[in-house]
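[1] Okay, here's the prediction I keep looking at, along with the sequence it came from:
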Amino acid sequence: MIFVVHTIMLQIFLIVIILIAIAFVCFAVGVMVKGKFPDTHVGHNAEMKKLGVTCAKHDDAFCQGRSKSESCQGCKDEKQL
């Protein structure tokens, strides 16, 4: 009985490891095809801009009364893109 349970657990564990490996390979191929790592910064996403969503540091700077030029580095880089 215990042997059967351990065998089933080992099979499930191996299946999970294989699925994770496949996911990593697919991600790596996607990065190689596009030539760069995906940009996940909220301020650089065109769809987020359309919705009016900005990065948290930018919002914090606005709430504290600082100008846009004093906001986060990511927002400064956003203007250069």
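    Happy to help now that I have it.

[2] Run through the residues that contact the closest residue to Val53 other than its chain neighbours.
    Leaving aside its chain neighbours, Val53 sits nearest to Val42 (6.1 Å; criterion: C-beta to C-beta, 6 or more residues apart in numbering). C-beta: built from backbone N, CA, C; applies to glycine. Counting by C-beta atoms under 8 Å, 6 or more residues apart in numbering, Val42 makes contact with 48, 53-56.

[3] Drop anything exposed from the residues you listed.
    Among the contacts of Val42, those classed as buried by 16 or more other C-beta atoms under 10 Å are 54-55.

[4] Make a markdown table out of the contacts of Val42 and add pLDDT, distance to Gly65 and secondary structure.
    Putting those into a markdown table (pLDDT from 0 to 100; distance: C-beta to C-beta, whole Å; DSSP: H, G, I helix; E, B strand; the rest coil) gives the following:
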| residue | pLDDT | distance to Gly65 | secondary structure |
| --- | --- | --- | --- |
| Met48 | 78 | 24 | helix |
| Val53 | 79 | 21 | coil |
| Thr54 | 76 | 16 | coil |
| Cys55 | 76 | 17 | coil |
| Ala56 | 75 | 16 | helix |
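
[5] center of this structure, which residue is that?
    In the chain, the residue lying closest to the centroid (C-alpha atoms, centre = their mean) is Thr40, at 5.0 Å.

[6] Helix, strand, or coil at it?
    Classification of Thr40 by DSSP: H, G, I helix; E, B strand; the rest coil places it in coil.

[7] Just give me the longest helix of the chain.
    In the chain, assigned by DSSP state H, the helix with the most residues is helix 2-34.

[8] tell me which residues of it are tucked away?
    Buried-residue list, helix 2-34, by 16+ other C-beta under 10 Å: empty.

[9] chain center to whichever strand or helix holds Ala61, what's the gap?
    Using DSSP states H and E, Ala61 sits in helix 56-63. Taking C-alpha atoms, centre = their mean, to the nearest Å, the mean C-alpha location of helix 56-63 is offset from the chain mean by 21 Å.
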